[in-house]
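K.L.:
give me the fold of what follows.
(one chain, ligands or ions: 1)
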Amino acid sequence: MYSKDNSIIYQNGKFINPKSATGDIYSQTLHYGNGVFEGIRAYKTNAGTKIFKAKEHYERLHYGAKVMNIPFQYTIDELIDITYKLLELNELQDAYIRPIITTGANMGLGSSDESTLIIQCWEWGKLMGDKLLKVRTSSFQRPNPKSCFVDAKVTGHYINSILARNEASASHYDEAILLDMNNNVAECSGANVFIEKDGKLFTPPKGHIMPGITRTTIIELCQEVGIPVEEKHFSLEEMKQADHAFFTGTAAEVVGLKSIDEYHFPKSWESTLGYKLMHLYKQEVLGERSKNLSKAV
Ligand code: PMP
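P.N.:
Here you go, the predicted model:
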């Protein structure tokens, strides 16, 4: 699914077939989850292939490497150039891009002083599909920000997301909403959440969440077109009084929710701010949005 016979990946300075990739069985990433990664999308636009917010994604990768004390020498510009080259070699324009920095051999717990950069790309539709999602409240909380850097995309953190996602699937839900340690709504297993109430949007502030690049884009779009939006904590009870809700993420893009636990969002999706933003977001990533026309929303 992720690679074909002629796929090319980047590994430490070389463009190679995935079958020739090497890995270290003593890597700290494998044993302890000390690695950092990104999820990026490229789009086929009228002006050619465009990697959406490449700089922001690679800055977050750098930040993750820094806080996890993983040595990493590539500059943002180098990373962007390599990624465009990789897309070209794979003849991909609409693509999901997965850079990962794995760490070297070290069975101790201090960070290894070696790292490997791997970048892969493949064609991938919207992660959570297009239909409205039936979600449940997870019995798992988001990690306490004092136990790790919740805003860094560290491989090991995703155990929390996997537990929540598996629990949701096992109980026949599409996805999970995780609360933070203070019982406020935090986010989905792999996306941020917005709720709509009386014509205004609310999304949890930074602190207990992965501050998504899509979330920032949505807030910026709201500000540009005059949709009221506020970063504010809200409880599960408040979410269950909302008119509607949606998730945002690079892989998921913008996707509406049908229900949370027993509560069905009352507004029709097509009449919500989330629906408008889903279309605006698509125009934004495709570079098709004229700033003057945007007020028409
Ligand atoms: N929350 C979590 C836990 C995620 O894994 C992601 C995906 N990176 C997001 C939110 C959304 O982030 P972004 O919009 O940067 O993809």
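K.L.:
okay, Gly125: pLDDT?
P.N.:
We have a pLDDT of 84 for Gly125.
K.L.:
burial check on the residue in the stretch 51-200 of the chain that the ligand sits nearest to, number of neighbours?
P.N.:
Distances between the stretch 51-200 of the chain and the ligand by CB to the nearest ligand atom are smallest at Gly190, namely 4.1 Å. The C-beta positions use only the backbone N, C-alpha and C, and glycine is treated the same way. By other CB atoms under 10 Å, the residues close to Gly190 number 22.
K.L.:
that one in helix, strand or coil?
P.N.:
Put simply, Gly190 is coil when judged by DSSP: H, G, I helix; E, B strand; the rest coil.
K.L.:
now the strands: where do they sit in the stretch 151-297 of the chain?
P.N.:
Listed in chain order, the strands of the stretch 151-297 of the chain (DSSP state E, counting those that start in this stretch) span 175-179, 185-188, 192-197, 200-203, 229-231, 244-249, 253-260, 263-264.
K.L.:
contacts only, for the residue in the stretch 101-250 of the chain that the ligand sits nearest to.
P.N.:
Closest to the ligand within the stretch 101-250 of the chain is Gly212: 2.8 Å, counting by CB to the nearest ligand atom. Gly212 makes contact with Ala191, Asn192, Thr248, Gly249, Thr250 under the criterion CB atoms under 8 Å, 6 or more residues apart in numbering.
K.L.:
how much space between the second one and Asn90?
P.N.:
In this case it means Asn192. Counting by CB to CB, to the nearest Å, the separation of Asn192 from Asn90 is 29 Å.
K.L.:
between these two, who's got more neighbours?
P.N.:
Asn192 (23 against 20).
K.L.:
is it true that the more buried one touches Ala245?
P.N.:
No. Taking contacts as CB atoms under 8 Å, Asn192 lies outside contact range of Ala245: 11.0 Å.
K.L.:
how about the residues of the protein by the ligand?
P.N.:
39, 153, 161, 187, 190-192, 210, 212-215, 248-250 (CB under 6 Å from any ligand atom).
K.L.:
low-confidence regions, this structure specifically.
P.N.:
Along the chain, segments meeting pLDDT under 70 span 291-297.
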